[in-house]
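1. Need the 3D shape of this:
(4 chains)
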Number of protein chains: 4
Amino acid sequence: MDVTELFELIPFARELGIELTGATDGHAAGYIELDDWHSSNPRGMVAHGGVAYSLADTVGGAAAVSANDSITPTIDMRMDYLAPATGEELHAEADVVRNGNSVATVDVVVTDGEGTHIAEARGVYKTGGGEEDTPWTKGVDRSDTGHSRSE
Amino acid sequence: MDVTELFELIPFARELGIELTGATDGHAAGYIELDDWHSSNPRGMVAHGGVAYSLADTVGGAAAVSANDSITPTIDMRMDYLAPATGEELHAEADVVRNGNSVATVDVVVTDGEGTHIAEARGVYKTGGGEEDTPWTKGVDRSDTGHSRSE
Amino acid sequence: MDVTELFELIPFARELGIELTGATDGHAAGYIELDDWHSSNPRGMVAHGGVAYSLADTVGGAAAVSANDSITPTIDMRMDYLAPATGEELHAEADVVRNGNSVATVDVVVTDGEGTHIAEARGVYKTGGGEEDTPWTKGVDRSDTGHSRSE
Amino acid sequence: MDVTELFELIPFARELGIELTGATDGHAAGYIELDDWHSSNPRGMVAHGGVAYSLADTVGGAAAVSANDSITPTIDMRMDYLAPATGEELHAEADVVRNGNSVATVDVVVTDGEGTHIAEARGVYKTGGGEEDTPWTKGVDRSDTGHSRSE
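-> Predicted structure coming up:
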């Protein structure tokens, strides 16, 4: 199973309509088609800040997972809003800018798909430091997240 | 219309199940009852990072609005995750720690409702600097957000 | 007086050895030549996190001032450390990525001058919202910070 | 050697005049007596943002070290400025709010010593994930940072 298939199983990502289009070697991309219920204004579209954040956290996490053979819980993320999201889509591109043995640092740019930067995020994801079971790995076959030779 | 009624109209907050229980004088509180679709793991409950963030951004925004007679778009927010959200609810308490003429700085603590800190956030919200119409104020009667004497 | 001359008068920037090499139209650059006292380790050079931060905050502030006719106090800044600063210099390049009527959002990249990214920062600076005197403008001729036609 | 003695050896902390007054069990405190050269304004005292940050990073790091038997490099830190530092001192109190096997999350409050909050910071410090030598541990006897029984 590759990273995009794994992320399609995330219930909240499905609920929000997040589509992951790729995640390999520390790079990932995805998008959301915006619907009325994504808005923060009942009289028009301006996507709620939580929509862009959830997309950024998910695509950023996919980038981190793609660079490591493990689940990578988010430790922290900062989101800066640059323009209101009044279009029909939100797109995110994520890059691991540092992949350490404890954490990965990931940059994410969120656009409207037509060149306008909606937001920029920077997050830190856990990459190591423990092999114990966690709520994130419950029921997960760890080989699902890796780059097994039999793929 | 008071701040809690105004926030009940936000489509994305309704979609996520965010309930705002109070917002006055720079303090606000709210919660979410977690359902399976809030999870980041298909095999069990650990709320997606975007759920806690969306709750924090919304309750933090309500605190900022309650301290100002205006819509207060989010400029930036940082979220730190302290424990996995494996319980049945997420609660948030927000406090404006600085209310300036340009921006308000807001602290938010997210718990599971039983004392465990799930996350802490700090955000900056715009409080001034423009009277022009924005995507957030389209169709909004500005007096809705204020503390008019005739309430 | 241009922005670089103005910043050369900042006592703490002089103390740290910060040299501003340019600041126009929302872009700024500067550097520090590292000395033993910049280190966080008495047995070798690894510049203290506060050195890279102080450089980033200063060069980021110069970028914000260069895009606005005003002093721009820092509202918040996040710094992510990517590699230890073990070289002889630290260089910073700053770009205003959003210049609003309340705040400017600024990206800063800190390198060792030889291509290694030491740190990345993102900061928010106040651009408006008040004409009153502040501790930052005490004794400052406001025309010093602007782009007056008589320069 | 205890944590406060270890931190007194940090060249940049000495240069800035940082005094660490305590660091045990995930709590730490320290202060700076402000001098003219700490200012960002040549005509009066308003401490440069890098001064409060350097204090916060140092005291936050001492809190992280005091909770772990290891050097704890800073991974990231966010600083929010709440009031100008126009007084004679800056004080910082730091608390580890989460101490994990990969990272520690630390809250820091910076005041003027008379009750005014100057800034709040939140940082993430590395606590594990590697035993290899780093620029920070070069020449450091690791037992210096721990809680050896023979102290």
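2. From now on I want contacts and neighbour counts done on CA atoms only, so please keep to that.
-> OK.
3. which element follows the helix of greatest length in chain A toward the C-terminus?
-> With secondary structure taken from DSSP state H, chain A has its longest helix at helix A:49-66. Scanning forward in sequence from helix A:49-66 by DSSP states H and E, the next helix or strand is strand A:74-81.
4. tell me how far that next one is from the chain's mean position?
-> Taking CA atoms, centre = their mean, to the nearest Å, one finds the center of strand A:74-81 at 11 Å from the center of the full chain.
5. just stretch A:75-92 next, same as before
-> On CA atoms, centre = their mean, the centre of stretch A:75-92 falls 12 Å from that of its chain.
6. Output it as PDB, nothing but the C-alphas.
-> The C-alpha trace of stretch A:75-92 is given here as PDB (Å, rounded to 0.1, in the frame of the first residue of the first chain):
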ATOM      1  CA  ILE A  75       4.000  17.800  17.000                       C
ATOM      2  CA  ASP A  76       3.200  21.400  16.100                       C
ATOM      3  CA  MET A  77       2.100  23.500  13.100                       C
ATOM      4  CA  ARG A  78       2.000  27.200  12.400                       C
ATOM      5  CA  MET A  79      -0.400  28.600   9.700                       C
ATOM      6  CA  ASP A  80      -0.100  32.100   8.200                       C
ATOM      7  CA  TYR A  81      -3.100  33.300   6.200                       C
ATOM      8  CA  LEU A  82      -2.100  35.400   3.200                       C
ATOM      9  CA  ALA A  83      -5.400  35.800   1.200                       C
ATOM     10  CA  PRO A  84      -9.100  34.900   1.700                       C
ATOM     11  CA  ALA A  85     -10.000  31.500   0.100                       C
ATOM     12  CA  THR A  86     -12.900  32.700  -2.100                       C
ATOM     13  CA  GLY A  87     -12.300  30.300  -5.100                       C
ATOM     14  CA  GLU A  88     -13.500  26.900  -5.900                       C
ATOM     15  CA  GLU A  89     -10.500  24.800  -4.800                       C
ATOM     16  CA  LEU A  90      -7.600  24.700  -2.300                       C
ATOM     17  CA  HIS A  91      -4.400  23.100  -3.300                       C
ATOM     18  CA  ALA A  92      -1.400  22.200  -1.100                       C
END
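7. for A:Phe7, helix, strand, or coil?
-> The three-state label given to A:Phe7 by DSSP: H, G, I helix; E, B strand; the rest coil is helix.
8. Is it in contact with A:Ala62, as I believe?
-> Yes: with contact defined as CA atoms under 8 Å, A:Phe7 and A:Ala62 form a contacting pair (7.4 Å).
9. Now stretch A:123-134: average pLDDT?
-> Averaged across stretch A:123-134, pLDDT comes to 77.
10. likewise stretch A:10-29?
-> 97.
11. For A:Pro11, what are phi and psi?
-> Main-chain torsions, A:Pro11, degrees, to the nearest 10: phi -60, psi -50.
12. ok, now which ones touch it?
-> Applying CA atoms under 8 Å, 6 or more residues apart in numbering or on different chains to A:Pro11 gives the contacts B:Asp36, B:Trp37, B:His38, B:Ser39, B:Ser40, B:Asn41, B:Pro42.
13. give me that answer again for 10 Å
-> A:Gly17, B:Asp36, B:Trp37, B:His38, B:Ser39, B:Ser40, B:Asn41, B:Pro42, B:Arg43, B:Met45, B:Ala47, B:His48 (CA atoms under 10 Å, 6 or more residues apart in numbering or on different chains).
14. ok, now which ones touch the closest residue to the fourth one other than its chain neighbours?
-> Once flanking residues are discounted, B:His38 sits nearest to A:Phe12: 4.9 Å by CA to CA, 6 or more residues apart in numbering or on different chains. Taking CA under 10 Å, 6+ apart as the definition of contact, the neighbours of A:Phe12 are A:18, A:54, A:58, B:35-42, B:47-51.
15. repeat for A:Gly17
-> A:Gly17 touches A:Glu8, A:Pro11, A:Tyr31, A:Ile32, A:Glu33, A:Leu34, A:Asp35, A:His38, A:Val51, A:Leu55, counting by CA under 10 Å, 6+ apart.
16. Looking at those, which has the smallest pLDDT value?
-> Ranked by pLDDT, those bottom out at A:Glu8 (91).
17. Number of residues surrounding it?
-> When neighbours are defined as other CA atoms under 10 Å in any protein chain shown, A:Glu8 has 15 of them.
18. do A:Glu114 as well
-> A:Glu114: 10 neighbours (other CA under 10 Å).
19. What does the pLDDT read for it?
-> Looking at A:Glu114, its pLDDT is 94.
20. How about the contacts made by it?
-> Here A:Glu114 is in contact with A:Gly87, A:Glu89, A:Leu90, A:His91 (CA under 10 Å, 6+ apart).
21. A:Gly115 - how many residues pack around it?
-> A:Gly115: 9 neighbours (other CA under 10 Å).
22. A:Phe7 and A:Ala62: who's more crowded?
-> A:Ala62 (30 against 22).
23. Restricting to C-alpha, output the longest helix of chain A in PDB.
-> Extracted in PDB, the C-alpha atoms of helix A:49-66 (Å, rounded to 0.1, in the frame of the first residue of the first chain):
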ATOM      1  CA  GLY A  49      -9.200  28.700   8.400                       C
ATOM      2  CA  GLY A  50      -9.600  25.200   9.600                       C
ATOM      3  CA  VAL A  51     -10.100  23.900   6.100                       C
ATOM      4  CA  ALA A  52      -6.800  25.200   4.800                       C
ATOM      5  CA  TYR A  53      -5.100  24.000   8.000                       C
ATOM      6  CA  SER A  54      -6.600  20.500   7.800                       C
ATOM      7  CA  LEU A  55      -5.400  20.300   4.200                       C
ATOM      8  CA  ALA A  56      -1.900  21.500   5.100                       C
ATOM      9  CA  ASP A  57      -1.600  19.200   8.100                       C
ATOM     10  CA  THR A  58      -2.700  16.200   6.000                       C
ATOM     11  CA  VAL A  59      -0.500  16.900   3.000                       C
ATOM     12  CA  GLY A  60       2.400  17.900   5.200                       C
ATOM     13  CA  GLY A  61       1.900  14.600   7.100                       C
ATOM     14  CA  ALA A  62       1.900  12.700   3.900                       C
ATOM     15  CA  ALA A  63       5.200  14.300   2.900                       C
ATOM     16  CA  ALA A  64       6.700  13.300   6.300                       C
ATOM     17  CA  VAL A  65       5.400   9.700   6.100                       C
ATOM     18  CA  SER A  66       6.800   9.400   2.500                       C
END
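24. Let me know the angle separating that helix from strand A:74-81.
-> For helix A:49-66 against strand A:74-81, the angle by axes from the mean of the first three to the mean of the last three CA atoms, to 10 degrees is 130 degrees.
25. Wondering if helix A:49-66 reaches chain C at all.
-> No: applying CA under 10 Å from any CA of the partner chain, one finds helix A:49-66 separated from chain C by no less than 15.0 Å.
26. Same question for that helix: list its buried residues.
-> Within helix A:49-66, the residues that count as buried by 16 or more other CA atoms under 10 Å in any protein chain shown are A:49-66.
27. Could you give the backbone dihedrals for the residue of chain A most remote from its centre?
-> Residue farthest from the centre of chain A, counting by CA atoms, centre = their mean, is A:Arg43 at 28.5 Å. Backbone geometry at A:Arg43, expressed as degrees, to the nearest 10, gives phi -100, psi 10.
28. what pLDDT does it get?
-> 93.
29. the strands in chain A, which residues?
-> With DSSP state E applied, chain A shows strands at A:18-24, A:27-33, A:39-41, A:44-47, A:74-81, A:89-99, A:103-111, A:117-126, listed in chain order.
30. Which neighbouring elements make contact with the third one?
-> If I follow you right, that is strand A:39-41. Applying 3 or more CA pairs under 10 Å, 6 or more residues apart in numbering or on different chains; DSSP states H and E, one finds that strand A:39-41 contacts strand A:44-47, helix A:49-66, helix B:11-16.
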